[in-house]
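Student: model this:
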Amino acid sequence: MTVGKVVLNGSVSLDGYSAGPNPSDDHPMGEGGERLHEWMFAEGSDRDAEFAATVGAVVLGRRTFDLGLRFWQDTPFPVPSFVLTHEGRPPLAMKSASFTFVTDGPKSAVGQAREAAGDKDVLVMAAAESAQHVLRAGLVDEIRLQLVPVFLGGGARLLDGLKPTELERIAVAEADDVVHLRFRVLK
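Tutor: The predicted structure follows:
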């Protein structure tokens, strides 16, 4: 049986932030952080459509869940989603799939997501804290970054506090408002 990859995926500013400073209900991505996702809504921006078809499960952090649910009104992809959290709660069924709340760490969340994904990929939504937990645990096979030409000047740095890790560049693709980077994590 083919096993999918664990893929960390997210947008970052040129100065390394995955969210701007001072996140709030009015600014869920922090002040200026929404700029990191404008490329997704630009005309002709279907570069991730092919990638989305490979996703069989999602791992995300509780803060991303809390702030994103009101916008998504469903799971972020139409697949089972596993929320890393310290607060246990029963699964939350949605229109497309469900959220399962995992309190026993990233290995458990990724393990459950792998089981749910079957031979498809597990997407780790790259909010800084959850991404760092999964990376520190050595669970990521591939990193996909969308490098956005903006300085946020503060906020949450995606790749802070990690141990030295070798990466192999898989692909680079550019557009007017974003550069797509893909790396294999060498283990």
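
Student: check whether residue 145 sits in a helix, strand or coil.
Tutor: strand (DSSP: H, G, I helix; E, B strand; the rest coil).

Student: ok, it touching residue 12?
Tutor: Yes: the pair residue 145 / residue 12 is scored as a contact, 5.7 Å apart, by Cβ atoms under 8 Å. All C-beta spots, glycine's among them, are computed from the backbone N, C-alpha and C.

Student: quick check: what element follows the lowest-mean-pLDDT helix or strand in the chain along the chain?
Tutor: Across the helices and strands of the chain, mean confidence by mean pLDDT, DSSP states H and E is lowest for helix 49-52: a mean of 72. Going down the chain from helix 49-52, the next helix or strand is strand 55-61, by DSSP states H and E.

Student: grab the nearest non-local neighbour of the residue positioned nearest the centre of the chain.
Tutor: A centroid search over the chain (Cα atoms, centre = their mean) returns residue 125, at 1.3 Å, as the residue closest to the centre. Nearest residue to residue 125 in three dimensions, chain neighbours excluded: residue 60, at 4.2 Å (Cβ to Cβ, 6 or more residues apart in numbering).

Student: follow-up on the earlier one: tell me the contacts of the residue nearest to the centre of the chain?
Tutor: Neighbouring residues of residue 125 by Cβ atoms under 8 Å, 6 or more residues apart in numbering: 9, 10, 58, 59, 60, 61, 64, 76, 131.

Student: can you tell me how far it sits from residue 91?
Tutor: The gap separating residue 125 from residue 91 is 18 Å, by Cβ to Cβ, to the nearest Å.

Student: how about the helices in the protein?
Tutor: 49-52, 62-72, 106-117, 128-136 (DSSP state H).

Student: and those: which comes nearest residue 82?
Tutor: Among those, the nearest to residue 82 by Cβ to Cβ is helix 106-117 (4.6 Å).

Student: render the CA-only coordinates of the closest one in PDB, please.
Tutor: C-alpha atoms of helix 106-117 as PDB (Å, rounded to 0.1, in the frame of the first residue of the first chain):
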ATOM      1  CA  PRO A 106       1.700  16.000  17.300                       C
ATOM      2  CA  LYS A 107       2.700  12.300  16.900                       C
ATOM      3  CA  SER A 108      -0.800  11.200  17.800                       C
ATOM      4  CA  ALA A 109      -2.400  13.900  15.600                       C
ATOM      5  CA  VAL A 110      -0.300  13.000  12.600                       C
ATOM      6  CA  GLY A 111      -0.800   9.300  13.300                       C
ATOM      7  CA  GLN A 112      -4.500   9.600  13.300                       C
ATOM      8  CA  ALA A 113      -4.400  11.800  10.200                       C
ATOM      9  CA  ARG A 114      -2.200   9.300   8.400                       C
ATOM     10  CA  GLU A 115      -4.700   6.600   9.200                       C
ATOM     11  CA  ALA A 116      -7.600   8.700   8.000                       C
ATOM     12  CA  ALA A 117      -5.800   9.800   4.800                       C
END
